[in-house]
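S.K.: How does the following fold in three dimensions:
(one chain, ligands or ions: 1)
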Amino acid sequence: MLKTKIAVFVSGGGTNLQALIDAQQNGSLSSGEIALVVASNPQAYALTRAAEHGIPSAVVVRREFPSQTAYEETLKEVLAEYGIEMIVLAGFMSILSENFTSAYPKRIINIHPSLIPSFCGKGYYGLKVHEAALAYGVKVTGATVHFVNEIPDGGEILLQKAVEVKEGDTPEALQRRVMEEAEWILLPKATEQVARDLQKGK
Ligand code: GRF
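M.R.: Numbers count the residues shown, from 1 in each chain. Below you'll find the model as predicted:
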């Protein structure tokens, strides 16, 4: 069976990328193959994870381009080079404009570490999301996988999973629990779903 060619966009530690790699190896991600990892900076440990599993990678740094358009044109060229059909944003921190997202309708998904529409949108990323959840005093948080459009965290929701906030949680402890109990489960599941649907649609 043909597999949907997937590019995973990363910026940091790559624990969500690792979850996708593990899913590919244990067969739960079977309708797609991770054909490329695109990093927004050369220091991303996610690049090490890709190299350890023989996955090609590209580093495309926004500030090295004169404009968002030039940056996105390079991204599109790299994706075309690898025949990429689907993009997974996994801890990716660079902006993608409508010019880019509209070129891949219902082919870009993102993992956000809260139950959208809570604690999402401009300025809500990484630890800040968990700091806001703790500051608000919510008893339950979680993670969301959604399609990506031009609105930050605004696309159609695919999957969500709730995670309990515990007494005395620090932002770091809560982030870790949300990753372990939600992100690393949801992202491979959603990736398989979309990759499979794209195969069916051919
Ligand atoms: C984490 O805050 C995660 O919740 C979000 O992106 C950040 C880095 O994740 N999705 P990763 O370890 O690089 O996948």
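S.K.: Show me what from the chain comes close to the ligand.
M.R.: 10, 12-17, 46, 90-91, 111, 113, 126, 175, 179, 183 (Cβ under 6 Å from any ligand atom). Glycine gets a C-beta too; all of them are placed from N, C-alpha and C.
S.K.: If we use 5 Å, what do you get?
M.R.: Residues of the chain lying near the ligand by Cβ under 5 Å from any ligand atom: 12, 13, 14, 15, 16, 90, 91, 111, 113, 126.
S.K.: Got a quick ChimeraX command for the buried subset of the residues you listed?
M.R.: The buried residues among the residues of the chain next to the ligand can be selected in ChimeraX (16 or more other Cβ atoms under 10 Å) with this line:
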select :12,14,15,16,90,91,111,113
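S.K.: quick one: which of the residues of the chain next to the ligand sit in strands?
M.R.: Those of the residues of the chain next to the ligand mapping onto strands are residue 111, per DSSP state E.
S.K.: ok, so of the residues of the chain next to the ligand, who is nearest residue 52?
M.R.: residue 14 (10.4 Å; Cβ to Cβ).
S.K.: need the contact list for the closest residue to that closest one other than its chain neighbours.
M.R.: Leaving out its chain neighbours, the residue that sits closest to residue 14 by Cβ to Cβ, 6 or more residues apart in numbering is residue 46, at 2.6 Å. Residue 46 makes contact with 8, 10, 11, 12, 13, 14, 17, 37, 39, 90, 91, according to Cβ atoms under 8 Å, 6 or more residues apart in numbering.
S.K.: what about the residue nearest to the third one when sequence neighbours are not counted, how many residues close to it?
M.R.: Nearest residue to residue 11 in three dimensions, chain neighbours excluded: residue 93, at 4.0 Å (Cβ to Cβ, 6+ apart). Burial of residue 93 is recorded as 15 neighbouring residues (other Cβ atoms under 10 Å).
S.K.: Same question for residue 30.
M.R.: 14.
S.K.: which residues in the protein form strands?
M.R.: 4-10, 32-39, 57-59, 86-89, 108-112, 140-147, 157-164.
S.K.: I'd like the residues of the chain next to the ligand as a markdown table, with pLDDT appended.
M.R.: Shown next, in a markdown table, are those (pLDDT from 0 to 100):
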| residue | pLDDT |
| --- | --- |
| 12 | 96 |
| 13 | 96 |
| 14 | 98 |
| 15 | 98 |
| 16 | 98 |
| 90 | 98 |
| 91 | 95 |
| 111 | 97 |
| 113 | 98 |
| 126 | 95 |
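S.K.: The closest residue to residue 179 other than its chain neighbours: what's it in contact with?
M.R.: What sits nearest to residue 179 in space, not counting adjacent residues and going by Cβ to Cβ, 6+ apart, is residue 15, at 5.9 Å. By Cβ under 8 Å, 6+ apart, residue 15 lies in contact with 91, 179, 183, 184.
S.K.: from the residues you listed, which single one is nearest residue 30?
M.R.: Using Cβ to Cβ, those come closest to residue 30 at residue 184, 17.6 Å.
S.K.: my read: the closest one touches residue 16, true?
M.R.: Yes. Residue 184 lies in contact with residue 16 (Cβ atoms under 8 Å); the separation is 6.7 Å.
S.K.: This completes my enquiry, with thanks.
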